[in-house]
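Peer 1: model this:
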Amino acid sequence: NASNAMDVANWGYAQFVRNRQPKNVVRLTFNDGNPALIRTITASATTSPTVDRLTVDTNWPRTILPSEIELVEYVEKLRFDSDRIRIEYDESGIRARLVAPVRAVFE
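Peer 2: Below is the predicted model of the structure:
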């Protein structure tokens, strides 16, 4: 609570990504129905061979236990690159797939 730190498994984020855009936005999805939280990563450091510590722009609203987290996603901001959008339907007509070119957005 009142912290802006987050410990994650060391898979090389601090070493290779180094909180650079566009890989610096993280979203936590919870397994108890609470709304997801989105934060911008402002700093990262390797604290042990198995742990990276991420610092985010806004404090967490409460202490969040790993058992409460369903999914941690690194979110990349995108926009449509053109107005060419294709919708593909399967043979049953029940499912469809949208195909659209996108481009990363750097703020």
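
Peer 1: my guess is residue 30 contacts residue 70, does it?
Peer 2: Yes - Residue 30 lies in contact with residue 70 (CB atoms under 8 Å); the separation is 6.0 Å. C-beta here means a position set from N, CA and C on the backbone, and glycine is covered the same way.

Peer 1: more neighbours: the two, which one.
Peer 2: Between residue 30 and residue 70, counted using other CB atoms under 10 Å, the more crowded position is residue 30 (14 against 11).

Peer 1: nearest spatial neighbour of that one, skipping sequence neighbours?
Peer 2: In space, and not counting its chain neighbours, residue 30 is closest to residue 68: 5.5 Å by CB to CB, 6 or more residues apart in numbering.

Peer 1: how far away is residue 2 from residue 85?
Peer 2: Residue 2 is 44 Å from residue 85, where distance means CB to CB, to the nearest Å.

Peer 1: equivalent analysis for residue 18, please.
Peer 2: As judged by CB to CB, residue 18 and residue 85 stand 34 Å apart.

Peer 1: those two - which one has more neighbours?
Peer 2: Between residue 18 and residue 85, counting by other CB under 10 Å, residue 18 is the more crowded of the two (13 against 10).

Peer 1: is the residue lying closest to that one once chain neighbours are set aside in a bridge, and if so with what?
Peer 2: Closest residue to residue 18 apart from its sequence neighbours, by CB to CB, 6+ apart: residue 44 at 6.4 Å. Note on residue 44: beta-bridge partners by DSSP bridges are residue 54.
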